[in-house]
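Trainee: Dropping a prediction and its sequence here:
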Protein chains: 2
Amino acid sequence: MTSAAKIPKILVIMGSIRENRNCKVISDWILEVARQTGHKLEFELVDLQTWELPNDELNLPSQHKYESEYTKKWSEYVDSANGFLMVSPQYNWGYPAALKNALDHLYQEWHNKPVLLVTYGGHGGSKCNAQLREVFQGLKMKNMQTSPQISISREQILNGVKELDPSFTEYKPVVEKAINELADSFEPLSGTN
Amino acid sequence: MTSAAKIPKILVIMGSIRENRNCKVISDWILEVARQTGHKLEFELVDLQTWELPNDELNLPSQHKYESEYTKKWSEYVDSANGFLMVSPQYNWGYPAALKNALDHLYQEWHNKPVLLVTYGGHGGSKCNAQLREVFQGLKMKNMQTSPQISISREQILNGVKELDPSFTEYKPVVEKAINELADSFEPLSGTN
């Protein structure tokens, strides 16, 4: 980034593509908190429901020889981003297939980019959190030190987070802290001018 | 199982659906080793490529209120099995989306059933191995103590395991040990008659 700094573009990728997902409400709240921090970051919400990513490539993603138009489009889009904020539910003590599919479709497009992970679920989706951070490391991304884990109740999991529970405000400080880290990760690029 | 014991049915689920996958060659070899042990187990190879499992359910799998014909068919099939042998590659330090998708579509159908996991990749897919065993635990399955990790070379990952490398024979004892454990897990059911 030069002194005429381009604002870093952060893709906010929702891990769930379920029809009745809670992911949208939670992502919207995180985005609101993120925007309130006032950092110069451009956020763009990504719904994997709208990205068709079938398994039709013959080569490995690390070979970067894509044949399908779907993959090429996804590759260009991820390439255009400077960092990521991923919001993911925990499914069966792990991460959702849709999110892993989107990650596995590419390789070098993720490299060296900062990624902030927020998980949610019973116990904050702690197992999914640990597994995904390992995957991000495998993709050579830069994990943020703070990775908020939002606990939602069985009732909320079953019937949906219709509007954001007031109890969520207790997570506001940790989400702000994580967003600050994400913003700081671009600092060295902007120099000291 | 009574004295007129039904032979336990083991679904051998391949974790990869890639066109150029190594999973088929490796699974075939494991099946050959498994059959040579002479245990009374019926093995059935499952190719997730042939199972369409879209994300179109409105309810959670744990609610067991399936609406799609795809899910109902998959539910019946997994329900009909007594145990599982999963053969999975490691992708980016984690498990393949296709396998997690198939797992996450159901819930109680997996419960209390023994599962033997074999992973492969650089370093035997050890990270995928640990993550998947955690997921199996989340699905209340019974992990085998032995979980073979087959190391394949970068060359084999890129160009395919055309025919089984002679070096694979070094894994035969550990695969046999794991199959023995799987067979033993059905023993208490057969009684002492």
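Mentor: Thanks, I have the structure now.
Trainee: What are the neighbouring residues in contact with A:Asn55?
Mentor: A:101, B:17-19, B:98 (Cβ atoms under 8 Å, 6 or more residues apart in numbering or on different chains). Where C-beta positions appear, they are placed from N, C-alpha and C, glycine not excepted.
Trainee: Out of these, which sit inside strands?
Mentor: Secondary structure assignment (DSSP state E) places none of those within strands.
Trainee: Could you work out the most separated pair of the residues you listed?
Mentor: Farthest apart among the contacts of A:Asn55 by Cβ to Cβ are A:Asn101 and B:Glu19. That separation is 15.3 Å.
Trainee: Of these two, which one has the most company?
Mentor: Legend: neighbour count by other Cβ atoms under 10 Å in any protein chain shown for A:Asn101 and B:Glu19, higher for A:Asn101 (21 against 11).
Trainee: give me every residue that touches the more buried one.
Mentor: A:Asn101 neighbours (Cβ under 8 Å, 6+ apart): A:53, A:55, B:97-98, B:101.
Trainee: near chain B, which residues of chain A show up?
Mentor: A:17-20, A:55-60, A:63, A:91-98, A:100-101, A:103-104, A:107, A:127, A:131-132, A:134-135, A:137-139, A:157-158 (Cβ under 8 Å from any Cβ of the partner chain).
Trainee: Residues contacting stretch A:174-185, please?
Mentor: In contact with stretch A:174-185 (Cβ under 8 Å, 6+ apart) are residues A:10, A:30, A:33-34, A:37, A:39-41, A:83, A:85, A:114, A:116, A:118, A:142, A:144-148.
Trainee: buried stuff in that stretch?
Mentor: A:174-176, A:178-179, A:181-183, A:185 (16 or more other Cβ atoms under 10 Å in any protein chain shown).
Trainee: Ok, stretch A:50-70 next?
Mentor: Buried-residue list, stretch A:50-70, by 16+ other Cβ under 10 Å: A:51, A:53, A:55, A:57, A:61, A:66, A:68, A:70.
Trainee: correct me, but the first one touches A:Leu99?
Mentor: Spelled out, it's A:Trp51. No: using Cβ atoms under 8 Å, A:Trp51 makes no contact with A:Leu99, being 11.2 Å away.
Trainee: check which helix or strand covers A:Tyr66.
Mentor: According to DSSP states H and E, A:Tyr66 maps onto no helix or strand at all.
Trainee: Skipping its backbone neighbours, what lies nearest it in space?
Mentor: A:Lys72 (5.1 Å; Cβ to Cβ, 6 or more residues apart in numbering or on different chains).
Trainee: now that neighbour: how far from A:Tyr107?
Mentor: Computed as Cβ to Cβ, to the nearest Å, the A:Lys72 to A:Tyr107 distance reads 14 Å.
Trainee: Which one's more surrounded, the two?
Mentor: A count of neighbours by other Cβ under 10 Å puts A:Tyr107 above the other of A:Lys72 and A:Tyr107, at 18 against 11.
Trainee: if I read this right, that one contacts A:Lys65, doesn't it?
Mentor: No: applying Cβ under 8 Å as the test, A:Tyr107 and A:Lys65 come out as separate, 11.2 Å apart.
Trainee: Output the below-cut-off pLDDT ranges for chain A.
Mentor: A:1-5, A:163, A:188-193 (pLDDT under 70).
Trainee: Can you name the residues that contact the residue nearest to the spatial centre of chain A?
Mentor: Nearest to the geometric centre of chain A sits A:Met86, at 1.4 Å (Cα atoms, centre = their mean). By Cβ under 8 Å, 6+ apart, the contact set of A:Met86 is A:12-13, A:15, A:99, A:115-118, A:132.
Trainee: Strands of chain A, start to end?
Mentor: Using DSSP E, strands in chain A cover A:9-14, A:42-47, A:83-89, A:114-121, A:142-143, A:149-151.
Trainee: Can I get these in CSV including distance to B:Ile26?
Mentor: CSV is the format used below for the strands of chain A (distance: least, Cβ to Cβ, whole Å):
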stretch, distance to B:Ile26
strand A:9-14, 32
strand A:42-47, 34
strand A:83-89, 30
strand A:114-121, 32
strand A:142-143, 31
strand A:149-151, 36
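Trainee: and of those strands, who's closest to A:Glu76?
Mentor: strand A:9-14 (12.3 Å).
Trainee: How far off centre is that closest one?
Mentor: 6 Å (Cα atoms, centre = their mean, to the nearest Å).
Trainee: Return it as PDB; C-alpha atoms alone will do.
Mentor: Once non-C-alpha atoms are left out, strand A:9-14 reads as follows in PDB (Å, rounded to 0.1, in the frame of the first residue of the first chain):
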ATOM      1  CA  LYS A   9     -10.900  -5.200   0.800                       C
ATOM      2  CA  ILE A  10     -12.100  -7.800   3.300                       C
ATOM      3  CA  LEU A  11     -14.400 -10.600   2.100                       C
ATOM      4  CA  VAL A  12     -16.800 -11.600   4.900                       C
ATOM      5  CA  ILE A  13     -17.500 -15.200   4.100                       C
ATOM      6  CA  MET A  14     -20.500 -16.900   5.700                       C
END
